[in-house]
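Student: Model the following, please.
(one chain, ligands or ions: 1)
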Amino acid sequence: MKRVTVSAPGKLHLSGEHAVVHGKPALVVAVGKRLYVTLTQNPEPRTQNPIVNLKTKKDYLSTIIHLIEKKYQVSFTDFSLEITSDIPVGAGMGSSAALVVATIGALIIYLGKPWNPQEINELAFQAEKFQHGNASGSDPTVITHGGLLWYRKELEFLKTFWLLPFKIPKSFTPFVLVDTGRTESTKDLVVGVVGKKKTQNPGAFELLIAKIEQVTRTITQAIHDEKEVDFRKLVTINERLLEQLGVVSNSTQKFIRDIENSGGAAKISGAGGVKTGSGIVLAVHDDPQKLMALAKKYKHPSFQVTLGGEGVRREQVVV
Ligand code: PMV
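Tutor: Sure thing, here's the model as predicted:
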């Protein structure tokens, strides 16, 4: 019986989220948490859609499957799909993009087509655009290729990225990630919050994203030069600019100020959130235990991840 398992990592935006939707660069990194998609051929081919039994993400998966059906002129009816993941969902760690990338990878192998990460990334970008309107493509790109990436969408058909030949330095204190939760979708924030801000005052918006671009550059330099003090200062500046962009909730701002007052630095990572929490907060402190204690006080789950993980990967192929 044909069985294919493909996995894809989560990601973090170290800098440049939102600005990247508007043509500025982003610095993104794959993480050690992964999502697994397994396609199993049913012994008895069914006539119904293979994903009807999935409770969540059903529409999104349908979109992905239809995209592949259209691309390869095929029709899927004979497999079941199983998903397991340790990437927090809807938190800014790329769980949706990991689902798209891994599913596309698995479908392509299932069809016996050549393994081509560039193609997987392009198809994932199409699916992501469907999901949140104005996607930059930074999520599927880092999730497909892994590592630490400098990414930029110059034009809708021209996306460039550079897989950086260095890592987050071992000398840096490990980051702590805190999940502050969020109620809005990426689309709500990209289109509803930031899109509106751009329309209301295009001049001020351009100035703001130009400042974010500058931070993305200097943060990349600080990582390259292994300058942790600079890195932390830039994380704080980055956070302030994201607050000005309007994507950080009051409660998350308060939490981040507490981190800063205790001697650390922190920023949201990804789309953010305004109504309740703001998704994942990336935090650094000489004493990571202090961050974990603070997160506990706020009743936010906290954890650590390895950075710079491998991109989309074939786990098991039984034909
Ligand atoms: O994956 P999220 O929800 O963390 O957001 C991705 C980053 C954005 O810049 C906000 C959107 C995009 O398409 O790049």
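
Student: Let me see the ranges of the strands in the stretch 151-300 of the chain.
Tutor: All strands of the stretch 151-300 of the chain, identified by DSSP state E, counting those that start in this stretch, fall at 158-163, 176-179, 265-268, 280-284.

Student: closest one to Thr103 among those?
Tutor: Among the strands of the stretch 151-300 of the chain, strand 158-163 comes nearest to Thr103, with 20.6 Å by Cβ to Cβ. The C-beta positions use only the backbone N, C-alpha and C, and glycine is treated the same way.

Student: quick revisit: quick one, which of the strands of the stretch 151-300 of the chain is nearest to the ligand?
Tutor: strand 280-284 (7.7 Å; Cβ to the nearest ligand atom).

Student: so what secondary structure elements neighbour that closest one?
Tutor: When contacts are defined as 3 or more Cβ pairs under 8 Å, 6 or more residues apart in numbering; DSSP states H and E, strand 280-284 packs onto strand 3-15, strand 176-179, helix 228-245, helix 250-261, strand 265-268.

Student: how far is the helix or strand of the chain with the lowest mean pLDDT from where the chain is centred?
Tutor: Lowest on mean pLDDT, DSSP states H and E among the helices and strands of the chain sits helix 58-72, with a mean of 87. The chain centroid and the centroid of helix 58-72 are separated by 21 Å under Cα atoms, centre = their mean, to the nearest Å.

Student: and after it, which helix or strand comes next?
Tutor: Next helix or strand after helix 58-72 toward the C-terminus (DSSP states H and E): strand 79-85.

Student: got the angle between that following strand and strand 3-15?
Tutor: Here the directions of strand 79-85 and strand 3-15 differ by 40 degrees (axes from the mean of the first three to the mean of the last three Cα atoms, to 10 degrees).

Student: coming back round to it: would you indicate which residues of the least confident helix or strand of the chain are buried?
Tutor: In terms of neighbour count (16 or more other Cβ atoms under 10 Å), helix 58-72 has its buried residues at Tyr60, Leu61, Thr63, Ile64, Ile65, Leu67, Ile68, Lys71.

Student: Name the nearest of these relative to Phe175.
Tutor: Using Cβ to Cβ, Tyr60 is the member of the buried residues of helix 58-72 that lies nearest Phe175, at 28.8 Å.

Student: And what about Leu149, helix, strand or coil?
Tutor: strand (DSSP: H, G, I helix; E, B strand; the rest coil).

Student: any bit of stretch 205-222 sitting next to the ligand?
Tutor: No. No part of stretch 205-222 sits near the ligand under the criterion Cβ under 6 Å from any ligand atom; the closest distance found is 10.5 Å.

Student: Tell me which residues are up against that stretch.
Tutor: Residues outside stretch 205-222 that contact it (Cβ atoms under 8 Å, 6 or more residues apart in numbering): 14-16, 18-19, 22, 24-27, 150, 164, 197-198, 228, 230-231, 234-235, 237-238, 241-242, 244-245.

Student: picking that back up, relative to Gly181, which of the buried residues of helix 58-72 is nearest.
Tutor: Closest approach between the buried residues of helix 58-72 and Gly181, by Cβ to Cβ: Tyr60, at 20.6 Å.

Student: Indicate which one of the helices and strands packed on strand 280-284 is closest to the ligand.
Tutor: With Cβ to the nearest ligand atom, the closest approach to the ligand among the helices and strands packed on strand 280-284 belongs to strand 3-15: 5.7 Å.

Student: about what we covered before: can you say which of the contacts of stretch 205-222 are buried?
Tutor: By neighbour count, with 16+ other Cβ under 10 Å, the contacts of stretch 205-222 hold 14-16, 18-19, 22, 24-27, 150, 164, 197-198, 228, 231, 234-235, 237-238, 241-242, 245 as buried.

Student: what helices or strands is the least confident helix or strand of the chain leaning on?
Tutor: Identification of packing neighbours for helix 58-72 by 3+ Cβ pairs under 8 Å, 6+ apart yields helix 95-110, helix 117-132.

Student: could you give the angle of that helix to helix 95-110?
Tutor: Here helix 58-72 points in a direction 40 degrees away from that of helix 95-110 (the same axes, to 10 degrees).

Student: can you count the residues close to Ala124?
Tutor: A count of nearby residues for Ala124, using other Cβ atoms under 10 Å, gives 31.

Student: excluding its backbone neighbours, what's nearest it?
Tutor: With sequence-adjacent residues excluded and distances taken as Cβ to Cβ, 6 or more residues apart in numbering, Ala124 is closest to Pro140, at 3.7 Å.
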